[in-house]
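Engineer: quick one: sequence plus predicted model below, questions after.
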Amino acid sequence: MNNITPVVKNLLIINVIFFFATWLFEQQGIELTKYLAVFYFNSPLFNVWQPITYMFMHANMAHIFFNMFALYSFGSILEAHWGGKRFINFYLITGLGALALQWAVQAFEVYQITGSPINDLTTLSVSQEYVRTLQGIYFGPMVGASGAIFGILVAFAMLYPNLEMYIMFIPVPVKAKYIIPVYIVIELFLGVARFQGDSIAHFAHLGGALLGYILVKLWKNKNTYYDYYE
């Protein structure tokens with residue numbers, strides 16, 4: 001842990017605190033997810049602080065472990081490259097970008113069913129199939145740092161494209177510029193395919209990745225001191 005940078009360290013601590021606080025409150029019958037996860041912007045459960053707090057909430061141990069492992073593995077390298085202020089800006093912006101794309105997709109789905117992305121559910125008259133879809137959108141919470149993590153992965157692949165990494169089940173090292181794009185394509189496929197029972201917000205992941213790509217491009221063009229290490 002000696003190589004961990006300050007902002008990444010604090011993000012790890014905050015995420016872990018949120019995770020265990022959620023568990024402890026649940027033992028007392030209090031669902032923090034209802035207040036700190038993020039809901040569709042037209043949901044009666046939506047609150048203005050949720051676009052920030054949702055980034056620090058996680059569904060289960062596996063969810064937080066893999067997100068925090070990626071943050072630890074790649075985040076400190078980016079923070080050392082950019083500095084703490086730029087890194088935290090990047091983290092929060094990609095997290096918000098993830099939510100923006102997820103909301104856009106949900107708004108389109110709602111529009112297709114009702115003719116408007118904003119509705120009073122108590123007055124709608126739709127089929128039971130559409131009722132279940134709308135309930136999932138309006139009352140399904142989204143949690144996790146995955147959008148920001150995908151932004152970090154994209155930035156890492158752009159800044160260190162030829163750095164070789166070992167991936168589970170692949171016995172040889174693979175360069176970052178090959179691994180990350182494949183991962184993005186898989187997320188796009190899963191988001192479009194919409195397999196039954198899949199509760200992962202794939203478009204949120206893609207939103208974080210897209211914002212990550214845009215930010216790196218913008219910052220690269222504004223700074224002549226950028227180096228793309230191999």
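Structural biologist: Happy to help now that I have it.
Engineer: next up, the contacts around the spatially most central residue of the chain.
Structural biologist: Centroid-nearest residue in the chain, with C-alpha atoms, centre = their mean: residue 147, separated by 1.7 Å. Residues in contact with residue 147 (C-beta atoms under 8 Å, 6 or more residues apart in numbering) are 55, 94-95, 97-99, 102, 204-205, 207-208. Using the backbone N, CA and C atoms, a C-beta is placed for each residue, glycine as well.
Engineer: 6 Å instead?
Structural biologist: For residue 147, the contacting residues are 95, 98, 204, 207-208, by C-beta atoms under 6 Å, 6 or more residues apart in numbering.
Engineer: then residue 4?
Structural biologist: Contact partners of residue 4, counting by C-beta under 6 Å, 6+ apart, are residue 76.
Engineer: just the buried members of the contacts of residue 147?
Structural biologist: Listed as buried from the contacts of residue 147 are 95, 98, 204, 207-208; burial here means 16 or more other C-beta atoms under 10 Å.
Engineer: looking at this protein, which helix is longest?
Structural biologist: Longest helix of the chain, by residue count under DSSP state H: helix 84-114.
Engineer: helices or strands up against that one?
Structural biologist: In terms of contacts (3 or more C-beta pairs under 6 Å, 6 or more residues apart in numbering; DSSP states H and E), helix 84-114 is packed against helix 6-27, helix 146-159, helix 202-222.
Engineer: tell me the mean pLDDT over that helix?
Structural biologist: Helix 84-114 shows a mean pLDDT of 94.
Engineer: name the next helix or strand downstream of it, please.
Structural biologist: Next helix or strand after helix 84-114 toward the C-terminus (DSSP states H and E): helix 128-139.
Engineer: ok and that next one relative to helix 84-114, angle-wise?
Structural biologist: Inter-element angle recorded for helix 128-139 and helix 84-114: 160 degrees (by axes from the mean of the first three to the mean of the last three C-alpha atoms, to 10 degrees).
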